[in-house]
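1. I'd like to go over a predicted model; first the sequence, then the structure.
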Amino acid sequence: MPTEAKRETVAELSEQLGASRAAIVSDYRGLTVAEISALRRVLREQGIAYRVVKNRLMKIAAQQAGRPELVDLLDGPSAIAFGGGDETATARAFVDAARRYRHVAIRGALLGAQRIDEAGLRRLAALPSREVLLAQLAGALQSPLAATAGLLAANLRNLGSVLRQLEARRAEGAS
């Protein structure tokens, strides 16, 4: 029979998992309490919650939250980073923060309803931010338009130049 504290923990984890867009599972073996606290502090500044969880309780919470894909990642000492914002920013912040601690091993992540492995998470973290990607797209769309406008304007400039030259010749011939 589960205790009231465990029920509350499962409810809290389920709510946190349901509210997050990204959940990154890692192994924290080898970290001291001070290092885990420092990692939590760095991640909290980025808007990411980092919790050490009991696998059994987290598995129940994942089932309740409708995210059973997370269950396979929970094996051994587990800590989960919950991010509610942009998935890419969450991945980048976690990978950057965890880089300082060689003992943190990323097992995988759940982005929305899709599960990705450590390599996929690292590739996602290496992507530029959403704003940079949008700016690159806008630049790529704007470039051909600017070239076309330049080509059309060149014909008008050339016509103006030819007309000035004709006017100069007529002025020479009239004098």
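-> Received it, and whenever you're ready, just let me know what you need.

2. make it CA atoms for all contacts and neighbour counts henceforth
-> OK.

3. quick check: can you list the domain ranges of the chain?
-> When the chain is parsed with automatic domain parsing, its domains come out as 4-127, 128-175.

4. tell me how far residue 162 lies from residue 53.
-> Applying CA to CA, to the nearest Å, the value for residue 162 to residue 53 is 79 Å.

5. higher neighbour count, the two?
-> Per other CA atoms under 10 Å, whichever of residue 162 and residue 53 has more neighbours is residue 53, with 18 against 12.

6. how about that one, what does it touch?
-> Going by CA atoms under 8 Å, 6 or more residues apart in numbering, residue 53 touches 77-80.

7. how about the helices in the chain?
-> Under the criterion DSSP state H, the chain carries helices at the ranges 4-19, 33-45, 55-64, 87-99, 118-126, 130-174.

8. distance of the most centrally placed residue in the chain relative to residue 163?
-> Centroid-nearest residue in the chain, with CA atoms, centre = their mean: residue 88, separated by 0.6 Å. Separation of residue 88 from residue 163 (CA to CA): 57 Å.

9. same question for residue 117.
-> Distance, residue 117 to residue 163, by CA to CA: 67 Å.

10. and what of residue 2?
-> Counting by CA to CA, the separation of residue 2 from residue 163 is 92 Å.

11. those two - which one has more neighbours?
-> Looking at residue 2 and residue 163 with other CA under 10 Å, you find the greater number of neighbours at residue 163, namely 12 against 6.

12. re earlier: pick the most deeply packed of the domains of the chain.
-> domain 4-127 (a mean of 18; mean count of other CA atoms under 10 Å).

13. just checking the distance from that domain to the centre of its chain.
-> Here the centre of domain 4-127 is set off from its chain's centre by 14 Å, with CA atoms, centre = their mean, to the nearest Å.

14. pull up the distance across that domain, start to finish.
-> End-to-end distance for domain 4-127: 43 Å, by CA to CA.

15. do the same with stretch 51-67
-> From its first residue to its last, stretch 51-67 covers 17 Å (CA to CA).

16. if we can go back for a sec, pLDDT score for the residue nearest to the centre of the chain?
-> Residue 88 is assigned a predicted lDDT (pLDDT) of 83.
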